[in-house]
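Visitor: sequence and predicted structure below; questions after.
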Amino acid sequence: MKRCGLVVLFVLSGIATSFAQDSLNVTMVKSLYSHWTYPDKVVTSGNYVYVVSGILGLRIVDASDPENPIEVGYFDPGYAEDVALSGEFAYVVGGYTNSLWVVDVSDPVIPQLVGSCALSSSAAAVAVSGDYAFTVGGDNGGFQVIDVADPEDPVAMGYCSTPDHSYSVAASGSYAYVASWAEGLRMIDAMDPTNPVEVGVYETPDFALDVKVSGNYAYVGEGYGFRVVNVANPASPFSVGYCNTPNCAYGVTVSDGFAYVADYSAGLRVVDITDPANPVEVGYYDTPGYAYDVAVSGNYAFLADYDYLWIFDVANPASPENVAHYNGLYTFGVTVAGSYAYVAAYDAGLRVVNVAYPPSSREVGHYDTPGYALAVAASGDYAYVADGDEGLRVVDVANPESPTETGHYDTPGYACAVAASGSFVYVADGDSGLRILNVEDPESPIAAGCYYSPGFANGVALSGDYAYVGCGMAGLRVVNISNPEIPIEAGYCVLPHWAAGVAVSGDYAYVADDFAGLRVVNIANPETPVEVGHYDTPGWAYGVAVSGNYVFVADGDAGIRVVDVTDPSNPIEVGHYVGYSYVGVNIAYGVAVSGNYAFLADWYYFEIFDCSQAMPVSGSGRLQPPMTYSLMSAYPNPFNAATTLSYQVAAGGRVQLVIYDLLGRQVGTLVDRSLSPGSYSVTWHAGNLASGVYFCRLQAGDFPAVRKMVLMK
């Protein structure tokens with residue numbers, strides 16, 4: 001039995017139609033390793049690659065080491081369709097939101113929104129030339145000029161119509177070039193930004209899908225080919241050369257005499273354009289997905305191909321060599337030691353993240369273990385990775401930027417969890433129980449002892465002479481390890497469901513018990529551990545950490561839950577954060593705590609949260625629930641694309657927060673579940689809805705409330 005097989009089941013559940021986050025007294029300050037969906041636009045600047053991935057927004061990847069790319073920052077406007085770069089700014093548009101966002105990327109690790117502009121129509125593509133940005137409107141057409149001389153205050157200037165299905169725009173000087181599918185290539189003179197005018201048309205024989213401009217030529221990706229168009233006189237463009245490609249040329253870029261074509265199911269095609277009249281394909285790489293866009297920087301090409309960013313060495317354009325492909329990471333476990341978080345990233349091994357200042361956290365090193373990294377413990381200069389079928393991996397992290405495996409031990413079971421103390425490491429090894437290894441010589445770990453648990457060992461914590469093992473349906477087992485070579489069960493406590501993660505503080509063990517939530521066990525007498533309290537979390541509790549009077553639960557599809565255990569017999573939730581990915585909610589597996597920050601391995605992401613509001617330092621230590629129900633006005637209101645709704649719940653019970661249009665039709669559900677007393681907020685992303693009046697209705701017990709909202713695009 002492999003408990004981690006549950007991953008597949010839960011990943012497929014909870015598909016969401018509205019993307020929102022649900023939080024109470026917990027604020028996300030950083031998210032890394034997003035697992036992308038359909039990246040379809042890519043641009044480069046220096047060592048960084050900017051990837052547009054629909055509902056995941058703009059993702060920023062450090063490719064300074066092209067063989068080991070890593071995401072370092074992101075900007076999430078709700079939905080993004082294209083990005084253009086100019087100087088220290090990224091200009092982002094989203095097809096459903098009628099907005100241009102200006103993002104300061106001078107520090108790509110912490111991109112900052114500095115300005116935005118409402119557009120008169122939707123925008124599917126953007127280009128920048130000098131002080132102006134040009135957008136085109138996708139399905140509905142439309143070309144717009146925006147003055148971005150002051151990035152903090154972009155101003156819409158002029159507009160002219162373009163055919164429907166205009167999905168790409170390029171800029172050169174005061175001219176814009178628009179690829180308009182069946183309507184070919186359109187040339188627009190924006191010399192007067194308040195009055196842009198179409199001055200020329202080239203009717204491409206096939207769909208015009210993408211366009212780039214260099215010198216006197218426009219390079220056009222067509223339905224089944226690549227075309228060179230002379231635009232020296234934009235009023236009289238004409239074709240000078242053509243190269244057939246195997247499929248649809250959705251993306252094109254030009255660099256040093258070569259055109260690089262993202263050719264849908266035919267991958268990357270490289271075309272020699274030194275003679276514009278005779279473009280010739282000289283190389284290709286047939287990727288397994290669907291290539292939508294391509295960018296080039298130096299000797300490397302970056303291809304947005306279905307779920308992946310593919311990276312190619314094109315020093316020899318005739319023979320592109322794939323050096324890496326990147327799609328974000330899955331995360332399963334985490335521990336924090338000093339200024340570093342060590343993340344067990346499933347099939348991507350061990351990742352080392354500098355968290356000295358959490359909002360600007362970034363990966364500094366990694367080691368790709370041979371198995372599936374499920375958990376990690378750190379002690380001194382070493383990280384110990386529970387690597388599934390590959391047992392325990394010992395990784396030297398004395399230099400966090402260059403972690404190196406120094407030794408390993410192939411445990412007989414499935415290494416699910418790990419804890420370290422002194423010269424010994426304790427591995428929760430699934431059906432093989434608790435394996436105790438001597439790591440005095442890190443290069444040659446040796447077996448020291450074994451406790452054959454009655455259940456599936458998938459969690460372990462240490463305190464004094466005892467190990468506390470989460471043993472699935474066999475509950476919590478307390479093992480005397482005063483002699484690690486002869487571990488002996490001292491006591492046990494049967495729990496309602498499936499004991500997984502364990503944390504210990506003082507006289508109490510805190511057990512993540514799957515669908516039975518958090519269980520509090522008094523272990524003052526290790527021979528007779530007794531459950532004294534519990535909190536039934538809304539998800540399925542898998543990981544747990546403790547700091548002072550607060551317990552942090554990785555609660556599966558219910559995110560992170562912060563529970564006050566000042567009174568162990570009456571745990572009370574005082575904070576939570578539930579995030580959503582493109583398939584629905586994320587899946588929280590592992591959690592660690594340092595100071596006011598919680599670090600969550602959330603399957604699709606590694607996330608860092610500021611929990612200070614949930615952890616008061618004075619008074620009784622407990623947050624007081626509100627005495628009344630209320631639904632506050634949305635902010636902002638009117639709004640464009642997204643607004644936040646705050647509400648209070650006076651008593652525990654089922655709460656519904658539902659959105660209706662002016663005709664009374666339900667268009668979205670933001671909340672529908674049982675909540676504890678407290679103050680909550682949720683963000684509604686309405687980018688896929690038309691402008692107009694909408695109503696939010698709160699139903700909490702017998703309390704109803706309605707608020708009016710105005711969506712303006």
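Guide: Thanks, I have it.

Visitor: can you list the domains in this structure?
Guide: 36-326, 333-611, 630-711 (automatic domain parsing).

Visitor: what would the ones you listed look like in TSV with mean neighbour count and mean pLDDT?
Guide: No exception for glycine: its C-beta is placed from N, CA and C like everyone else's. TSV is the format used below for the domains of the chain (neighbours: other CB atoms under 10 Å; pLDDT from 0 to 100):
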stretch	mean neighbour count	mean pLDDT
domain 36-326	20	93
domain 333-611	22	95
domain 630-711	17	84
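
Visitor: make JSON lines from these and add distance to Leu24 to it.
Guide: Output for the domains of the chain, formatted as JSON lines (distance: least, CB to CB, whole Å):
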{"stretch": "domain 36-326", "distance to Leu24": "21"}
{"stretch": "domain 333-611", "distance to Leu24": "5"}
{"stretch": "domain 630-711", "distance to Leu24": "5"}
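
Visitor: and the strands in the stretch 1-150 of the chain?
Guide: All strands of the stretch 1-150 of the chain, identified by DSSP state E, counting those that start in this stretch, fall at 22-24, 27-32, 41-45, 48-52, 58-62, 70-75, 82-86, 89-94, 99-104, 112-118, 125-129, 132-136, 143-147.

Visitor: out of those strands, which gets nearest to Val520?
Guide: Closest to Val520 of those is strand 22-24 (CB to CB; 20.8 Å).

Visitor: so which residues make contact with the strand or helix carrying Lys708?
Guide: For Lys708, the host element (DSSP states H and E) is strand 703-711. With CB atoms under 8 Å, 6 or more residues apart in numbering as the test, strand 703-711 has contacts from 629-634, 637-640, 643, 645, 647, 650, 686, 689-698.

Visitor: CA atoms only: put it into PDB for me.
Guide: In PDB, the C-alpha atoms belonging to strand 703-711 read as follows (Å, rounded to 0.1, in the frame of the first residue of the first chain):
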ATOM      1  CA  PHE A 703     -29.000  35.400   8.500                       C
ATOM      2  CA  PRO A 704     -29.300  36.700   4.900                       C
ATOM      3  CA  ALA A 705     -27.500  39.700   3.300                       C
ATOM      4  CA  VAL A 706     -27.200  41.100  -0.200                       C
ATOM      5  CA  ARG A 707     -24.700  43.500  -1.700                       C
ATOM      6  CA  LYS A 708     -24.700  45.200  -5.100                       C
ATOM      7  CA  MET A 709     -21.600  45.200  -7.300                       C
ATOM      8  CA  VAL A 710     -20.900  46.900 -10.600                       C
ATOM      9  CA  LEU A 711     -18.500  45.200 -13.000                       C
END
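
Visitor: centre of the chain versus it, how much separation?
Guide: 31 Å (CA atoms, centre = their mean, to the nearest Å).

Visitor: and Ser255, how far is that from Asn195?
Guide: Remark: distance between Ser255 and Asn195 (CB to CB, to the nearest Å) = 34 Å.

Visitor: could you do Lys30 as well?
Guide: 45 Å.

Visitor: also Asp557?
Guide: Taken as CB to CB, the span from Asp557 to Asn195 is 53 Å.

Visitor: give the contact list for Gly173.
Guide: Ser129.

Visitor: and stretch 451-463, how far apart are its ends?
Guide: 17 Å (CA to CA, to the nearest Å).

Visitor: same deal with stretch 576-592?
Guide: 15 Å.

Visitor: closest one to Tyr492 among the strands of the stretch 1-150 of the chain?
Guide: strand 22-24 (34.5 Å).

Visitor: who's sitting farthest from the centroid in the protein?
Guide: Distance from the centre of the chain peaks at Ser236, with 46.2 Å (CA atoms, centre = their mean).

Visitor: roughly how far does the closest residue to that residue other than its chain neighbours sit from Tyr384?
Guide: Nearest non-adjacent residue to Ser236, counting by CB to CB, 6 or more residues apart in numbering: Gly200, 6.3 Å away. From Gly200 across to Tyr384, the span is 66 Å (CB to CB).

Visitor: now do Phe302
Guide: From Phe302 over to Tyr384 the distance is 35 Å, taken as CB to CB.

Visitor: what does Tyr330 give?
Guide: Counting by CB to CB - Tyr330 and Tyr384 are separated by 20 Å.

Visitor: give the contact list for Ala235.
Guide: Ala235 sits in contact with 187, 199-200, where contact means CB under 8 Å, 6+ apart.

Visitor: that one in helix, strand or coil?
Guide: coil (DSSP: H, G, I helix; E, B strand; the rest coil).

Visitor: distance of it relative to Val197?
Guide: 11 Å.

Visitor: now Val667
Guide: Val667 is 39 Å from Val197, where distance means CB to CB.

Visitor: likewise for Ile436?
Guide: Where Val197 is concerned, Ile436 sits at a distance of 78 Å (CB to CB).

Visitor: try Ala651
Guide: From Ala651 to Val197 the distance is 63 Å (CB to CB).

Visitor: check Tyr33 too.
Guide: 47 Å.

Visitor: about what we covered before: tell me the one of the contacts of Ala235 nearest Gly579?
Guide: Once CB to CB is applied, the member of those that ends up nearest Gly579 is Met187, at 44.5 Å.

Visitor: run through the bridge partners of the closest one.
Guide: Going by DSSP bridges, Met187 is paired in beta bridges with Tyr177, Gly200.

Visitor: contacts for stretch 136-144, please.
Guide: 81, 95, 119-125, 134-135, 156-169, 176, 178, 180, 188, 196.

Visitor: end to end, how far does it reach?
Guide: The first-to-last residue distance of stretch 136-144 comes to 7 Å (CA to CA).

Visitor: likewise stretch 561-575?
Guide: Stretch 561-575 end-to-end distance (CA to CA) = 6 Å.

Visitor: Ser681 reaches Leu645, doesn't it?
Guide: Yes - using CB atoms under 8 Å, Ser681 is in contact with Leu645, at 6.7 Å.

Visitor: returning to that earlier point: out of the domains of the chain, flag the one nearest Asp22.
Guide: domain 333-611 (4.3 Å).

Visitor: ends of that closest one, what's the gap?
Guide: Distance between the two ends of domain 333-611: 19 Å, counting by CA to CA.

Visitor: go on, stretch 309-325?
Guide: Terminal residues of stretch 309-325 are spaced 5 Å apart (CA to CA).

Visitor: contacts for it, please.
Guide: For stretch 309-325, the surrounding residues in contact (CB under 8 Å, 6+ apart) are 36, 39, 42, 49, 51, 61, 63, 66-69, 258, 260, 268, 270, 272, 282-285, 287, 296, 299-303, 305, 308, 326-327.

Visitor: rerun that using 7 Å as the cut-off
Guide: By CB atoms under 7 Å, 6 or more residues apart in numbering, the residues outside stretch 309-325 that reach it are 39, 42, 49, 51, 61, 63, 66-69, 258, 268, 270, 282-283, 285, 287, 296, 299-303, 308, 326.

Visitor: also stretch 252-272?
Guide: Here stretch 252-272 makes contact (CB under 7 Å, 6+ apart) with 210, 212, 214, 219, 221, 226, 243, 245-251, 273-274, 279-287, 290-296, 301, 303-304, 312, 314, 317, 320.
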